[in-house]
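# Here is my input, please return the structure:
(one chain, ligands or ions: 1)
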Amino acid sequence: MKSENLDRFYKFHSVIYDITRVFFLPCRAKAVKLLKPMPNDTIIDFGCGTGYNLKKIYNLSSETSLVGVDLSSHMLKKASKKIPSAKYYKHDIGTINIKYKAEKIISSYALSMVPDWQKVILNMKKHLKKNGTLVIADFYKFSGFLKIFYPPFSLWLKAHGVTPHIEITDFLKIHFKNVEESIFYSGYAFIVKAKDPV
Ligand SMILES: C[S@@+](CC[C@H](N)C(=O)[O-])C[C@H]1O[C@@H](n2cnc3c(N)ncnc32)[C@H](O)[C@@H]1O
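Sure thing, here's the model as predicted:
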């Protein structure tokens, strides 16, 4: 979605976001746990939205330095109310250039809104320290009995500017030494953890 459309879309959605997304965006808490936040870590959330992940990380480790990047000022406003101690950047996650690197990066349900998701992953890699960890959670491709719901669901996703990118894990395998993918809820969502950028 273009920057101005995104801001318009989330002007309304930021108000109802936290309540309505509880069921639609699963695996975020699992992704945060997998990241294993530590007090000395700097952790960047690419497409942090209203700060769901940042809040979860803060609750696990309040000394962690937190950074949130998002293009929507409405979403960032919500996030900064939840976790005022975090640093926020209103910027495109494909082109943001933060002057320091992080031990860990997380991103949930943001890459599926970006056509050039490869560029975002390369930018995440650029912001990771050696031996750093990246965890991504996003929509996957329905399988098993859920398959019959995929056509109407993909139309709903499209209306929200969302396209699942199931090629993310293979792309990560080119750029990280250790990559582990887990698929949840009959292919509704997946989490991929990538360690040690090459
Ligand atoms: C579905 S929300 C997910 C938010 C949050 N990560 C979560 O799991 O609740 C997607 C977020 O990505 C942001 N976003 C989408 N495309 C972006 C881009 N190119 N640059 C920065 N943020 C973007 C949107 O503004 C929105 O806040």
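
# only C-alpha atoms for contact and neighbour calcs from this point on.
Fine.

# low-scoring pLDDT stretches of the protein, where are they?
Judged against pLDDT under 70, the chain has no low-scoring part.

# What parts of it come near the ligand?
Within the chain, the positions near the ligand by C-alpha under 6 Å from any ligand atom are 6, 47-49, 52, 70-72, 75, 91-93, 107-110, 113-114.

# Just the ones in strands from the residues you listed, please.
The strands, defined by DSSP state E, take in 70, 107-108 from those.

# ok, so of the residues you listed, who is nearest Arg21?
Proximity of those to Arg21 (C-alpha to C-alpha) peaks at Ser108, which lies at 12.0 Å.

# residues contacting the spatially closest residue to Ser186 that is not a sequence neighbour?
Spatial nearest neighbour of Ser186, chain neighbours left out: Ser143 (5.4 Å); criterion: C-alpha to C-alpha, 6 or more residues apart in numbering. Residues near Ser143 by C-alpha atoms under 8 Å, 6 or more residues apart in numbering: 186-188.

# ok, and for the helix or strand hosting Leu134, which residues are buried?
For Leu134, the host element (DSSP states H and E) is strand 128-139. Of all the residues in strand 128-139, those buried under the rule 16 or more other C-alpha atoms under 10 Å are 128-129, 132-139.

# What are the buried residues along stretch 155-165?
Those would be 157, 161-165, for stretch 155-165 by 16+ other C-alpha under 10 Å.

# so can I have JSON lines of the residues you listed showing distance to Pro84 and secondary structure?
Converted to JSON lines, the buried residues of stretch 155-165 look like this (distance: C-alpha to C-alpha, whole Å; DSSP: H, G, I helix; E, B strand; the rest coil):
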{"residue": "Leu157", "distance to Pro84": "31", "secondary structure": "helix"}
{"residue": "Gly161", "distance to Pro84": "29", "secondary structure": "coil"}
{"residue": "Val162", "distance to Pro84": "29", "secondary structure": "coil"}
{"residue": "Thr163", "distance to Pro84": "31", "secondary structure": "coil"}
{"residue": "Pro164", "distance to Pro84": "31", "secondary structure": "coil"}
{"residue": "His165", "distance to Pro84": "32", "secondary structure": "coil"}
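
# I figured Leu76 hits Tyr88, correct?
Yes - counting by C-alpha atoms under 8 Å, Leu76 does reach Tyr88; the two are 7.3 Å apart.

# anything in contact with each of these two?
Residues touching both Leu76 and Tyr88 (C-alpha under 8 Å, 6+ apart): Asp70.

# which one of the two has more residues nearby?
Counted by other C-alpha atoms under 10 Å, Leu76 and Tyr88 do not tie: Leu76 has more neighbours, with 23 against 19.

# ok, the more buried one - contacts?
Neighbour list for Leu76: 48-51, 70, 88, 90 [criterion: C-alpha under 8 Å, 6+ apart].
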